[in-house]
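K.L.:
Using only what follows, build the 3D model:
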Amino acid sequence: MKDTLRIGNASGFYGDRFDAVREMLTGGELDVLTGDYLAELTMLILGRDQLKDPTAGYAKTFLRQMEEGLGLAHERGVRIVANAGGLNPAGLADALRALAAKLGLPTRIAHVEGDRLPPPDGALTANAYLGGAGIAACLAAGADLVVTGRVTDAALVTGPAQWHFGWGPEAYDELAGAVVAGHVLECGTQATGGNYAFFRGHDVRRPGFPVAELHADGSSVITKHPGTGGLVDVGTVTAQLLYETAGARYAGPDVTARLDSVRLTQEGPDRVRVEGVRGEAPPPALKVGLSRLGGFRNEVVFVLTGLDIEAKAALLQEQIADAFATSAPSEVRWELARTDRPDAETEETASALLRLVVRDRDPEKVGRTVTGAAVELALASYPGFHVTAPPGKGAPYGVFEATYVPQAEVPHTAVLPDGTRRELPAPPMTRDLAPVPDPDLPPPLPEGPARRAPLGRIAGARSGDKGGDANVGVWVRTEEEWRWLAHTLTVEKFRELLPETADSAVTRHLLPNLRALNFTIAGILGEGVASQARFDPQAKALGEWLRSRHVDVPAALLPDVPEELQ
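P.N.:
Below is the predicted model of the structure:
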């Protein structure tokens, strides 16, 4: 057994950079290549695909990538693990066997199933989030390639690590270290400079995909292949650790990782050591993602130009309300984005956008009712009336929900390369989740002069979605900045800076080792990304909005911020 297991990632979502598989297999040393293709929205998309074709339900992109990837992996002795099986891992495994035979390759292919549960009434898909034990069993049986359905994103790393290092189910600290490494890798280039708050001063035009050098004690080094773009530093790793997480306990089917124990150290250029991670027994229940069709939605964006923007918006809204009087959609939402500027030099910069979004179970009420109302006003409404695109007939939208079932009630089956089916037992020990008491705050900075400045002058942020909830992780780079941030960015201040969160339950979590705060905002995304409930339906830019808000920053902190990072 090698002391180090090198695991690289080549996909953070269904639609990620197609040639990343080739880049990762040819760009440097690897033992395992992973690919994450599944997200909450993806399961709905695959479910709709399978309604049309029962043999579908997996990520077809992965199959195309393997036309070249199978040969490259065979030449280099790299194992491949991907959750591209989606709703039909057995179907993808069969397609891959046919591809390997066509290419004349002796690739041994296995898959993991059991995650797909009978959907309750009204749901399209129901999938439990499995851990890495099935992947480990497939690799131990000699598989060169393992495809799964809905496993946790981190399981793509915990599975190979369990296989390689021989960890048992109660090696909690080691497993937790692998979960943290897996969480850093899962979104691909978000760990190597993509979507990074402090991108200025770095070449992030084409960031390379991340690699974790994992060790037997669960520690790791996050890096990337030599010569690839982007960067790996404590900031990029911190940002990804905060992405779509919440408090100190990060629960999964293999282990609950304590994010408050993570220690990050810059070991060298593009090398960040991750160590100190503690783990606890996993919770007794598995998360199950449910997706269903919620109804139909439509959207029209009206352009308001020049003077009297508010009055123009009011006129249009009254006219649309009159048109809806006899057959109104069940939900009607208006949003006015004041993108206009006074005395503007171009028509575009003199214009604001008024967005109308409607939803209903009846497609006619979001189709003909809306398009008719919008089109008929073209010559009878505010001066300068036009829209960004012709109104359409509307489209179905989806809803994501999460529920939980006991681990022992969910089958976890490894289908080995020879067809043998191996059932994996539930963890022998579990532990109910409970909040971690807030750690002590650091001592506040002494009183001194302050300057009004954007929060992002010193703080980074990354935000994302979990169902209808959003999270915003905020971090700083020095102890002095942390002493200021921890006392300044309270829940009350957060609500003040982001007024849109006023009606949501907001929770603040402290992670001193990362010099970070993580805020969760309950329900701000409605019924999830597929429902398109808000302007930014996945809350991807919520953190950047926060960074742009002005606060009183101690003057002593600002001169130390290099211009290219401001």
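
K.L.:
how about the helices of this protein, start to end?
P.N.:
In order along the chain, the chain carries the following helices (DSSP state H): 20-26, 40-52, 60-76, 89-103, 133-140, 155-165, 172-185, 234-242, 309-323, 363-366, 368-376, 479-488, 491-497, 542-548.

K.L.:
Serialize those helices to a markdown table and add fields for mean pLDDT, distance to Thr223 and mean neighbour count.
P.N.:
Any C-beta I mention is one placed from the backbone N, CA and C, and that applies to glycine too. Below are the helices of the chain laid out as a markdown table (pLDDT from 0 to 100; distance: least, C-beta to C-beta, whole Å; neighbours: other C-beta atoms under 10 Å):
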| stretch | mean pLDDT | distance to Thr223 | mean neighbour count |
| --- | --- | --- | --- |
| helix 20-26 | 98 | 13 | 20 |
| helix 40-52 | 90 | 28 | 19 |
| helix 60-76 | 98 | 18 | 18 |
| helix 89-103 | 98 | 29 | 18 |
| helix 133-140 | 98 | 23 | 26 |
| helix 155-165 | 98 | 14 | 27 |
| helix 172-185 | 98 | 11 | 28 |
| helix 234-242 | 98 | 10 | 26 |
| helix 309-323 | 97 | 51 | 16 |
| helix 363-366 | 93 | 49 | 20 |
| helix 368-376 | 92 | 51 | 18 |
| helix 479-488 | 98 | 26 | 19 |
| helix 491-497 | 97 | 34 | 15 |
| helix 542-548 | 97 | 25 | 20 |
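
K.L.:
So which of those is nearest Leu336?
P.N.:
Nearest to Leu336, of all these, is helix 309-323, at 5.3 Å by C-beta to C-beta.

K.L.:
C-alpha coordinates for that closest one, CSV please?
P.N.:
Extracted C-alpha coordinates of helix 309-323, given in CSV (Å, rounded to 0.1, in the frame of the first residue of the first chain):
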residue,chain,number,x,y,z
ILE,A,309,-39.3,54.7,-13.8
GLU,A,310,-41.4,54.1,-10.7
ALA,A,311,-44.6,55.6,-12.3
LYS,A,312,-44.1,53.5,-15.4
ALA,A,313,-43.7,50.4,-13.3
ALA,A,314,-46.9,51.2,-11.4
LEU,A,315,-48.9,51.8,-14.5
LEU,A,316,-47.8,48.5,-16.0
GLN,A,317,-48.5,46.5,-12.9
GLU,A,318,-52.0,48.0,-12.7
GLN,A,319,-52.7,47.1,-16.3
ILE,A,320,-51.5,43.6,-15.9
ALA,A,321,-53.6,43.2,-12.8
ASP,A,322,-56.7,44.3,-14.8
ALA,A,323,-55.8,41.8,-17.5
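
K.L.:
residues in contact with it?
P.N.:
Applying C-beta atoms under 8 Å, 6 or more residues apart in numbering, the set of residues contacting helix 309-323 from outside is 302, 304, 334, 336, 338, 340, 352, 354, 356, 369, 372-374, 376-377, 380-384.

K.L.:
redo that, cut-off 7 Å
P.N.:
302, 304, 334, 336, 338, 340, 352, 354, 356, 373, 377, 381-382 (C-beta atoms under 7 Å, 6 or more residues apart in numbering).

K.L.:
got the angle between it and helix 368-376?
P.N.:
Relative orientation of helix 309-323 and helix 368-376, computed by axes from the mean of the first three to the mean of the last three C-alpha atoms, to 10 degrees: 130 degrees.

K.L.:
State the mean pLDDT of the strand with the most length in the chain.
P.N.:
Of all segments of type strand in the chain, defined using DSSP state E, the longest is strand 285-305. When pLDDT is averaged over strand 285-305, the result is 94.

K.L.:
buried sites along it?
P.N.:
Neighbour counts over strand 285-305 (16 or more other C-beta atoms under 10 Å) mark 285-300, 302-305 as buried.

K.L.:
Most neighbours among the contacts of helix 309-323, please name it.
P.N.:
Neighbours were tallied for each of the contacts of helix 309-323 (criterion: other C-beta atoms under 10 Å), and the maximum of 28 neighbours falls on Leu304.

K.L.:
Run a quick check on it versus Ala350, I expect a contact.
P.N.:
No: with contact defined as C-beta atoms under 7 Å, Leu304 does not count as touching Ala350 (9.6 Å).

K.L.:
Next, count neighbours for the closest residue to Val237 other than its chain neighbours.
P.N.:
In this structure, Val237 finds its nearest non-sequential neighbour in Val272, 4.8 Å apart by C-beta to C-beta, 6 or more residues apart in numbering. Other residues lying near Val272 total 23 when counted by other C-beta under 10 Å.

K.L.:
list the contacts for Val272?
P.N.:
Val272 makes contacts with Val221, Ile222, Val232, Asp233, Val234, Val237, Leu264, Thr265, Gln266, as judged by C-beta under 7 Å, 6+ apart.

K.L.:
could you check the distance from the nearest residue to the fifth one once chain neighbours are set aside over to Ala350?
P.N.:
Closest residue to Val234 apart from its sequence neighbours, by C-beta to C-beta, 6+ apart: Leu264 at 4.9 Å. For Leu264, the distance to Ala350 (C-beta to C-beta, to the nearest Å) stands at 47 Å.

K.L.:
between these two, which one's more packed in?
P.N.:
Neighbours per residue (other C-beta under 10 Å) separate Leu264 from Ala350, with Leu264 holding more: 22 against 19.

K.L.:
thinking again about what came up before, how about CSV for the contacts of helix 309-323, with distance to Asp49 added?
P.N.:
Formatted as CSV, those follow (distance: C-beta to C-beta, whole Å):
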residue, distance to Asp49
Phe302, 34
Leu304, 39
Trp334, 34
Leu336, 37
Arg338, 40
Asp340, 41
Ala352, 38
Leu354, 35
Leu356, 30
Ala373, 33
Leu377, 38
Ser381, 40
Tyr382, 42
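
K.L.:
how many neighbours does Pro449 have?
P.N.:
Applying other C-beta under 10 Å, we find 8 residues neighbouring Pro449.

K.L.:
What pLDDT does the model give it?
P.N.:
The confidence metric pLDDT takes the value 95 at Pro449.

K.L.:
Ok, Val561 next?
P.N.:
Among the per-residue scores, Val561 holds a pLDDT of 52.

K.L.:
and if you look at the one 4 residues further on?
P.N.:
Here the pLDDT value assigned to Leu565 is 46.

K.L.:
Nearest residue to Gln407 in space, please, no chain neighbours.
P.N.:
Ala426 (4.2 Å).

K.L.:
Does that neighbour touch Val410 like I think?
P.N.:
No: between Ala426 and Val410 there is no contact, the gap being 8.0 Å when judged by C-beta under 7 Å.

K.L.:
strands paired with the longest strand of the chain, and their directions?
P.N.:
In the sheet, strand 285-305 lines up against strand 125-128 (antiparallel), strand 351-360 (antiparallel), strand 386-387 (antiparallel), strand 395-406 (antiparallel) (DSSP bridges).
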